[in-house]
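# how does the following fold in three dimensions:
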Amino acid sequence: MAPEVPTPTPATTAPPLVLVHGMWDTPRLFDRLERALGARRGPLLIPHLPHRFGFTPIEEQAEMLATLIETAFGAEQPIDLLGFSMGGVIARTWIQLLGGHRRTRRLISVGSPQQGTLTAQPWPSWPLAGIADLKAGSPLLQRLNTDLAALQQVDCCSFYCQPDLMVMPAWRAVLPVGPGRSLPVRYHHQLMTHPAALGPLVEELLRP
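This next block holds a predicted model:
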């Protein structure tokens, strides 16, 4: 008798997935990704965070995210996080500064200025505190990059594109923990809409 072939672990056994949008976006940003995933990941939480055009500090938005996650999944349920653009920095802030590492299995950062971006440099910290948090060397990013112990407990990866005018230079979109991968798309929002980006993102989200 031939040996029994083990059944692959179904994607439904993965933890809940939280998708965090960026500035000037809404949860509808993830419509194409959600369709590409089909029923292979769930439950999903796609909260709306009020960035207020960059006025709201990132740490304040991370506190909102913490409340929404706990309301949806309780205080202990493990989760995966995918954050796009500013959303990736918000997710990282929750993980590192608000104890999110204790329940996060995986962080996927997509086009997020994890090391700051030159695009944010001209903007003042008042009243545009959220945008100023994305400046290279901002107090927030210095705090996040100084102590990586919490982030190192999470399975991290970064996706970005080379000609991204929102994250300049492109290497600044890579987390200091985990691998980074450049996707063959032409601009920032194609990271969440173009088939050449959605394919690798879905593959990562379905990885056991």
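# would you map the strands across the protein?
17-20, 44-45, 79-84, 104-110, 155-160, 180-182 (DSSP state E).
# so who does the most centrally placed residue in the chain touch?
The residue lying closest to the centre of the chain (C-alpha atoms, centre = their mean) is Gly83, at 1.9 Å. Gly83 sits next to Leu19, Val20, Gly22, Val89, Ile90, Ala91, Arg92, Leu107, Ile108, Ser109, Val110, Ser112 when contact means C-beta atoms under 8 Å, 6 or more residues apart in numbering. Bear in mind the C-beta positions are built from the backbone N, C-alpha and C, glycine included.
# on that earlier part again, can you put the strands of the chain in CSV and add distance to Gly38 and mean pLDDT?
Shown next, in CSV, are the strands of the chain (distance: least, C-beta to C-beta, whole Å; pLDDT from 0 to 100):
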stretch, distance to Gly38, mean pLDDT
strand 17-20, 13, 98
strand 44-45, 11, 96
strand 79-84, 16, 98
strand 104-110, 18, 98
strand 155-160, 20, 98
strand 180-182, 23, 98
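# could I get those strands as a markdown table with distance to Ile58?
Converted to a markdown table, the strands of the chain look like this (distance: least, C-beta to C-beta, whole Å):
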| stretch | distance to Ile58 |
| --- | --- |
| strand 17-20 | 11 |
| strand 44-45 | 19 |
| strand 79-84 | 11 |
| strand 104-110 | 14 |
| strand 155-160 | 17 |
| strand 180-182 | 21 |
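# of those, which is nearest Leu141?
strand 104-110 (13.3 Å; C-beta to C-beta).
# what comes into contact with the closest one?
15, 78-85, 88, 91-92, 95, 151, 154-160, 173-175, 178, 191-192, 201, 204-205.
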